[in-house]
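Visitor: Could you work out the structure for the sequence below:
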Amino acid sequence: MSDAKGKLFETSEKFPQTEYWNDSCAVKELEYAIDRGATGATTNPVIVGNVLNQEMNLWEDTLIKWIDEMPDATEEEVAWRLIEQMAVRGAKLLNPVYEKTNHKKGKISIQTNAKLYRNADAMAEQAIGFGDLAPNIMVKMPTSAAGIKAFEEATFAGISINATVSFTVAQAIAVAEAVERGLKRREEAGLSNENITPVCTIMVGRTDDWVKEAVKRDNLCLDPCALEYAGVAAFKNAYKIYQERGYKTRLLAAAYRNYFHWSEFIGGDVVLTITQPWQEKINGSDVEVKERMDRPVPEKYLNELKKIPDFIMAYEEDGLKPEEFVHYGAFVKTINQFLGGYESLLGVIRKLMVGEPIRK
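Guide: Down below sits the predicted model:
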């Protein structure tokens, strides 16, 4: 059975502490993943736009109905109704996992408005509002200095957060510490922390992407094999610190670029959120499913990486200060992509509002 369902199912059977999530809320993709051991899902503005394009036949009539029912609504109001309903639909598909695991797994992450990444109060307010959508909702927010404040407030309100737009050890530690402050405040207020399951994403593939760009920018000549380990090295260093300090937050690896972003984390008490194309590649591979989380990055590659200033920023605990998070190259590129994806989604809604046909 394990061979028939692929390597990710085998991973979930042998290493249940290494959770695997579907990096999308598309129905067919989520069903594929759940059947192979997935225990959660993630979304963001780009994902929602892509899912809408894939499933326009399922959503167009509903969107037109909402537009007619809400004659005063802006495209943003309609878009957020769609985003929320996609999350609710995914939450329902994951509910059996949620119930089976006593509410520890089976959750879906919905992301706050990317435009709010500088506004802690607005992010926290939206995050807390999302908590009413379904019992198995988590909330993603960007890991800016404002995001760190929002993580604490949302945690105090009982929200399981998913810190995103995060690429560095410094961000991961700031997130975990913010969550700990929120949990402590809940304890002092006599509130339970039992069902709060926070995660902090490190977008390992985007860490790789940025380090490679920095190498070109700085005209460095390095072993190209080392560059495939940048995100892995940052993730493993953050994991070591998390384990030593006993944070309740768990690390989540996202933005896959090579199979190391799965294989090197097997055996860790972590989450791996994977797009369907990468799920299919991994499931069809002949890579052995064995524990590698505690295996260090080869020293020769780590020494090469440490010649890159932007890698040091990602790898060292004090590589960045919170006020510098939004200026790190990977953050700049990713938040702009998220903002662009959000604007593209609004553009689709706007076309429907003015009666422009979507389906050809």
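Visitor: The stretch 1-150 of the chain: strands as residue ranges?
Guide: 19-22, 40-42, 107-111, 137-142 (DSSP state E, counting those that start in this stretch).
Visitor: make that the stretch 251-360 of the chain, sorry
Guide: Under DSSP E, counting those that start in this stretch, the stretch 251-360 of the chain gives strands at 271-274.
Visitor: Poorly predicted segments of it, please.
Guide: 357-360 (pLDDT under 70).
Visitor: would JSON lines of the strands of the stretch 1-150 of the chain with mean pLDDT, distance to residue 173 and mean neighbour count be doable?
Guide: Backbone N, C-alpha and C define where each C-beta goes, glycine included. Below are those laid out as JSON lines (pLDDT from 0 to 100; distance: least, Cβ to Cβ, whole Å; neighbours: other Cβ atoms under 10 Å):
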{"stretch": "strand 19-22", "mean pLDDT": "97", "distance to residue 173": "21", "mean neighbour count": "24"}
{"stretch": "strand 40-42", "mean pLDDT": "95", "distance to residue 173": "21", "mean neighbour count": "28"}
{"stretch": "strand 107-111", "mean pLDDT": "97", "distance to residue 173": "21", "mean neighbour count": "28"}
{"stretch": "strand 137-142", "mean pLDDT": "98", "distance to residue 173": "16", "mean neighbour count": "26"}
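Visitor: To residue 356, which of the ones you listed lies closest?
Guide: Proximity to residue 356, assessed across the strands of the stretch 1-150 of the chain by Cβ to Cβ, is greatest for strand 107-111 (26.9 Å).
Visitor: The strands of the stretch 1-150 of the chain into TSV, with extra columns for distance to residue 187?
Guide: Shown next, in TSV, are these (distance: least, Cβ to Cβ, whole Å):
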stretch	distance to residue 187
strand 19-22	25
strand 40-42	26
strand 107-111	22
strand 137-142	21
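Visitor: Enumerate the beta-bridge partners assigned to residue 140.
Guide: Going by DSSP bridges, residue 140 is paired in beta bridges with residue 111, residue 162.
Visitor: Distance check, it against residue 32.
Guide: 22 Å (Cβ to Cβ, to the nearest Å).
Visitor: go on, residue 270?
Guide: Taken as Cβ to Cβ, the span from residue 270 to residue 32 is 22 Å.
Visitor: Looking at those two, which is more packed in?
Guide: Neighbours were counted for residue 270 and for residue 32 using other Cβ atoms under 10 Å; residue 270 has more, 22 against 17.
Visitor: What is the neighbour count of the spatially closest residue to that one that is not a sequence neighbour?
Guide: Using Cβ to Cβ, 6 or more residues apart in numbering and skipping residues adjacent in sequence, the residue nearest residue 270 is residue 251, 4.9 Å away. Using other Cβ under 10 Å, residue 251 has 28 other residues around it.
Visitor: wouldn't residue 251 be in contact with residue 243 here?
Guide: No - using Cβ atoms under 8 Å, residue 251 makes no contact with residue 243, being 9.8 Å away.
Visitor: first vs last residue of stretch 183-199, how far apart are they?
Guide: End-to-end distance of stretch 183-199 (Cα to Cα, to the nearest Å): 14 Å.
Visitor: tell me the mean pLDDT over that stretch?
Guide: The average pLDDT for stretch 183-199 rounds to 97.
Visitor: can you give me how far it is from the chain middle?
Guide: Relative to the centre of its chain, stretch 183-199 is centred 22 Å away, using Cα atoms, centre = their mean, to the nearest Å.
Visitor: residue contacts, residue 341?
Guide: 44, 45, 46, 48, 49, 114 (Cβ atoms under 8 Å, 6 or more residues apart in numbering).
Visitor: Apply 10 Å and report the result again.
Guide: Going by Cβ atoms under 10 Å, 6 or more residues apart in numbering, residue 341 touches 44, 45, 46, 47, 48, 49, 50, 114.
Visitor: What count of nearby residues applies to the fourth one?
Guide: Which is residue 47. 21.
Visitor: can you check the first one too?
Guide: Burial of residue 44 is recorded as 26 neighbouring residues (other Cβ under 10 Å).
Visitor: re earlier: please verify my assumption that the residue nearest to residue 270 contacts residue 203.
Guide: No - applying Cβ atoms under 10 Å, one finds residue 251 not in contact with residue 203, separated by 11.5 Å.
Visitor: one step back: with respect to pLDDT, which of the contacts of residue 341 ranks lowest?
Guide: By pLDDT, residue 45 ranks lowest within those, coming in at 78.
Visitor: my guess is it meets residue 336, correct?
Guide: No - Residue 45 sits out of contact with residue 336 when judged by Cβ under 10 Å, with a separation of 11.4 Å.
Visitor: if I look at these two, which residues touch both of them?
Guide: By Cβ under 10 Å, 6+ apart, residue 45 and residue 336 have these common neighbours: residue 114.
Visitor: between the two, which one's more packed in?
Guide: Using other Cβ under 10 Å, the more surrounded residue of residue 45 and residue 336 is residue 45, with 24 against 11.
Visitor: any idea how far that one lies from residue 6?
Guide: Distance from residue 45 to residue 6, by Cβ to Cβ: 29 Å.
Visitor: which residues touch residue 168?
Guide: 143, 174, 202-203, 207, 210, 234, 237-238, 310-311, 313-317, 319-320, 324-325, 328, 330-331 are the contacts of residue 168 under Cβ under 10 Å, 6+ apart.
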